[in-house]
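Trainee: 3D model of this:
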Amino acid sequence: MEAALFGSVLSALATGFGALPVLFWSQVTHRFRDILLALTAGIMVAASTFSLIPQALELSNLTVLTIGITLGTLTLMILERFVPHVDLDHTRILKGIDAKAALVIAAITLHNLPEGLSVGVSYASDDAGLGGLIAFAIGLQNAPEGLLVALFLIHQKMNRLKAFFIATLTGAVEIVTAMIGYVLTSYVENLVPYGLSFAAGAMLFIVYKELIPESHGDGHARSATLSFIAGLLIMIYLTQIFG
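Mentor: Next up, the predicted model:
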């Protein structure tokens with residue numbers, strides 16, 4: 001459990017690490033943000049398809065995999081439908097500061113729940129290196145998310161330091177859900193492959209629904225595509241070394 005707690009804390013703190021630049025400047029180029037988002041999309045796709053899914057199949061079968069991925073996808077779809085979601089638009093500064101900021105904070109925090117679960121479930125599996133890999137992948141995804149949230153809050157006229165701390169706290173919920181995922185899959189028999197498949201479905205939904213559209217929204221599709229492939233290759237390389 002100590003390893004799961006340590007990994008989940010580092011993964012969650014990556015949100016704050018990504019938000020650090022806002023303490024020094026409040027403007028980041030669209031191209032840079034799109035490259036970061038696409039890079040993390042590639043990393044998460046590789047983590048799902050080359051780590052989570054193969055491990056789930058090794059422990060179970062296609063039926064379990066299908067059920068888990070479907071549940072993970074449906075969970076994110078339900079969150080999208082019933083939790084007000086605000087895209088972090090690259091091209092405009094939104095009005096209605098207090099209400100809009102609160103909405104973004106709530107939406108981002110709730111969308112982090114399945115990511116923490118992914119980390120906890122991975123640490124509970126028999127593959128000693130899987131937990132670290134998934135924590136790394138989620139952490140890399142959290143970094144640009146933290147940056148975008150902090151930038152959004154600053155554009156809403158919020159103090160830089162306050163924006164940094166709030167962006168960091170949106171990732172802290174992952175620690176709680178990571179522990180829940182770890183405990184459930186550690187003590188409930190045969191739950192691990194379902195958990196791994198669920199995590200894969202949730203991550204793939206985030207990639208296709210959020211990260212890829214966001215990274216292509218400002219005319220930097222070519223740079224984003226190359227960055228996506230780079231992220232994919234980086235994670236495959238790490239999987240081969242540590243997996």
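
Trainee: Tell me where this structure has helices.
Mentor: With helices called from DSSP state H, the chain shows them at 2-19, 30-47, 53-59, 62-82, 97-111, 113-124, 130-155, 160-187, 192-206, 212-215, 221-242.

Trainee: would you turn the ones you listed into TSV with mean neighbour count?
Mentor: All C-beta spots, glycine's among them, are computed from the backbone N, C-alpha and C. As requested, the helices of the chain are exported to TSV (neighbours: other CB atoms under 10 Å):
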stretch	mean neighbour count
helix 2-19	21
helix 30-47	24
helix 53-59	19
helix 62-82	16
helix 97-111	17
helix 113-124	28
helix 130-155	25
helix 160-187	20
helix 192-206	26
helix 212-215	20
helix 221-242	17
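
Trainee: Mind putting these into JSON lines with mean pLDDT?
Mentor: JSON lines is the format used below for the helices of the chain (pLDDT from 0 to 100):
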{"stretch": "helix 2-19", "mean pLDDT": "86"}
{"stretch": "helix 30-47", "mean pLDDT": "84"}
{"stretch": "helix 53-59", "mean pLDDT": "88"}
{"stretch": "helix 62-82", "mean pLDDT": "88"}
{"stretch": "helix 97-111", "mean pLDDT": "62"}
{"stretch": "helix 113-124", "mean pLDDT": "81"}
{"stretch": "helix 130-155", "mean pLDDT": "80"}
{"stretch": "helix 160-187", "mean pLDDT": "86"}
{"stretch": "helix 192-206", "mean pLDDT": "86"}
{"stretch": "helix 212-215", "mean pLDDT": "85"}
{"stretch": "helix 221-242", "mean pLDDT": "88"}
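
Trainee: Pull the contacting residues for His220.
Mentor: Taking CB atoms under 8 Å, 6 or more residues apart in numbering as the criterion, His220 is in contact with 30-31, 34-35.

Trainee: and if we set it to 7 Å?
Mentor: 30-31, 34 (CB atoms under 7 Å, 6 or more residues apart in numbering).

Trainee: Look up phi and psi at it.
Mentor: phi -110, psi 40 (degrees, to the nearest 10).

Trainee: Return the backbone torsion pair for Ser60.
Mentor: Backbone dihedrals for Ser60, given as degrees, to the nearest 10, come out at phi -150, psi -130.

Trainee: before we move on, back to that, so which of the contacts of His220 is the closest to Ile175?
Mentor: Within the contacts of His220, the smallest distance to Ile175 is 28.7 Å, found for Asp34 (CB to CB).

Trainee: any idea how far that closest one lies from Phe228?
Mentor: 10 Å (CB to CB, to the nearest Å).

Trainee: and if you look at Leu20?
Mentor: Taking CB to CB, one finds Leu20 at 24 Å from Phe228.

Trainee: Spit out the contact partners of the nearest residue to Phe164 once chain neighbours are set aside.
Mentor: Closest residue to Phe164 in three dimensions, ignoring its sequence neighbours and counting by CB to CB, 6 or more residues apart in numbering: Ala19, at 5.0 Å. Contact analysis of Ala19 by CB under 7 Å, 6+ apart lists 146-147, 149-150, 164, 167-168.

Trainee: let's go with 6 Å and repeat that
Mentor: 146-147, 150, 164, 167 (CB atoms under 6 Å, 6 or more residues apart in numbering).

Trainee: Output these in TSV; the columns should cover distance to Leu113.
Mentor: Listed next are the contacts of Ala19 as TSV, based on distance: CB to CB, whole Å:
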residue	distance to Leu113
Gly146	16
Leu147	20
Ala150	20
Phe164	22
Ala167	17
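
Trainee: Spatially, which two of the residues you listed are the most separated?
Mentor: Leu147 and Phe164 (10.1 Å).

Trainee: Phi first, then psi, for Leu191.
Mentor: According to degrees, to the nearest 10, Leu191 has phi -90, psi -20.
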